[in-house]
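In: Please find the sequence and the predicted model below.
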Amino acid sequence: MRTSTREKTGFIIKFIILVIFAITCIYPLIWLVLNSFKTNDQLFENPWGLPKSFDIKNYIVAITEGNIGTYFINSVIIAVSAVLVTVVLSSMASYAISRMEWKYSKVMLNVFLLGMMIPVYATIIPLFSIFNRIGILNTHLSVIIPHIAFGFPMAIFILTGFFQTIPRDIEEAAVMDGCSIFRIFFRIIMPISKPSVVTVAVVVFIGVWNDLLMPQIFLTDATKMTLPVGLNSFKGMYSTDYVSMIAAVVLTVIPSVIIYIVLHKNIMEGMVAGAVKG
């Protein structure tokens with residue numbers, strides 16, 4: 001009875017702590033959403049209360065007058081392109097490193113992982129010079145390429161760890177059935193590796209979606225800017241229209257939140273599977 005009581009007490013304490021932690025994490029987002037439907041007068045009058053009506057006027061202002069819609073589309077183009085290329089190329093490289101027998105596989109893995117030690121800020125000036133010379137400065141490509149390069153080391157680290165846990169009997173059976181290496185990779189290995197692939201895709205997407213540094217440096221045309229840069233300029237243009245700024249912030253945050261909520265189980269499975277071996 002004593003042990004049972006202690007276990008119940010410990011469970012209740014842990015549950016309460018986790019609930020408090022969850023509320024602490026979730027409440028700022030709820031506060032943003034609620035205040036995005038208020039007027040400035042309502043916000044100043046009671047910033048912690050509920051809005052009197054759920055009017056989408058602030059979102060319309062953010063999308064039309066603040067050009068948040070254009071910035072949103074640009075962010076989607078850049079993020080999706082970077083994610084697709086990173087996932088496809090890193091999964092192929094990881095498969096070659098972890099599943100194929102060749103002399104320099106471990107050396108190549110270490111070379112890729114060294115990229116995790118290179119800070120982004122140390123590459124800005126060289127990248128700016130290179131992009132300017134080859135004529136892709138002020139294009140989406142100048143933002144996509146660096147994100148692919150910096151997403152590679154993390155992606156290969158996760159995927160190689162997962163690929164090494166896959167039994168080789170699966171591939172041997174596929175070879176006996178006459179499957180080519182490309183068919184084995186795309187029809188067998190990739191479906192099995194869904195949790196790790198989703199993890200890589202989500203991590204890369206969130207990193208690209210929230211990036212402010214590269215778009216602000218490599219892009220000069222306002223019509224090509226991404227959401228973080230547009231949000232920064234929106235802040236300067238509407239410095240007194242706080243509720244419209246809050247609506248713009250909500251539009252920026254919602255895609256990342258939705259993606260994580262939908263795919264959080266795959267993310268957890270992928271992170272654990274990728275940490276088994278490395």
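Out: That came in fine, so what should we check first?

In: In which helix or strand does the spatially most central residue of the chain reside?
Out: The chain has Ile206 as the residue nearest its centroid, 1.9 Å off, counting by Cα atoms, centre = their mean. In the assignment (DSSP states H and E), Ile206 maps to helix 194-209.

In: from the chain's centre, how far out does that helix sit?
Out: Distance of helix 194-209 from the chain centroid (Cα atoms, centre = their mean, to the nearest Å) equals 5 Å.

In: same check, this time on stretch 15-33
Out: Between the centre of stretch 15-33 and the centre of its chain there are 21 Å (Cα atoms, centre = their mean).

In: What average pLDDT does it get?
Out: Across stretch 15-33, pLDDT averages out at 89.

In: Identify the residues contacting stretch 217-226?
Out: With Cβ atoms under 8 Å, 6 or more residues apart in numbering as the test, stretch 217-226 has contacts from 67, 70-71, 74-75, 78, 124, 127-128, 131, 137-140, 142-143, 211, 215, 229, 233. (Glycine included, C-beta is placed from N, CA and C.)

In: let's see 7 Å
Out: Residues from elsewhere that reach stretch 217-226 (Cβ atoms under 7 Å, 6 or more residues apart in numbering): 70-71, 74-75, 78, 124, 128, 131, 137-138, 140, 142-143, 215.

In: who are the neighbours in contact with the residue nearest to the centre of the chain?
Out: Ile206 makes contact with Ser256, according to Cβ under 7 Å, 6+ apart.

In: can we see that at 8 Å?
Out: By Cβ under 8 Å, 6+ apart, the contact set of Ile206 is 256, 259-260.

In: Give me the buried stretch members for the very next helix or strand once past the helix holding Ile206, please.
Out: Later in the chain than helix 194-209, the nearest helix or strand by DSSP H and E is helix 213-218. For helix 213-218, a neighbour-count test (16 or more other Cβ atoms under 10 Å) marks 214-218 as buried.

In: Name the next helix or strand following helix 213-218 along the chain.
Out: Counting by DSSP H and E, the next helix or strand C-terminal to helix 213-218 is helix 227-237.

In: and that following helix, what other elements does it pack with?
Out: Helix 227-237 is packed against helix 68-99, helix 213-218, helix 242-274, with contacts defined by 3 or more Cβ pairs under 8 Å, 6 or more residues apart in numbering; DSSP states H and E.

In: Recalculate using a threshold of 10 Å.
Out: If you count contacts as 3 or more Cβ pairs under 10 Å, 6 or more residues apart in numbering; DSSP states H and E, helix 227-237 packs onto helix 57-64, helix 68-99, helix 213-218, helix 242-274.

In: next one: it to chain centre, how far?
Out: 20 Å.

In: angle of that helix against helix 242-274?
Out: 160 degrees (axes from the mean of the first three to the mean of the last three Cα atoms, to 10 degrees).

In: Now helix 227-237: average pLDDT?
Out: For helix 227-237, the per-residue pLDDT averages 76.

In: Please spell out which residues along that helix are buried.
Out: For helix 227-237, the neighbour count (16+ other Cβ under 10 Å) marks 227-231, 234 as buried.

In: For ChimeraX, write a command that selects the buried ones of the contacts of Ile206.
Out: Filtering those down to the buried ones (16+ other Cβ under 10 Å) takes a single ChimeraX command:
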select :259
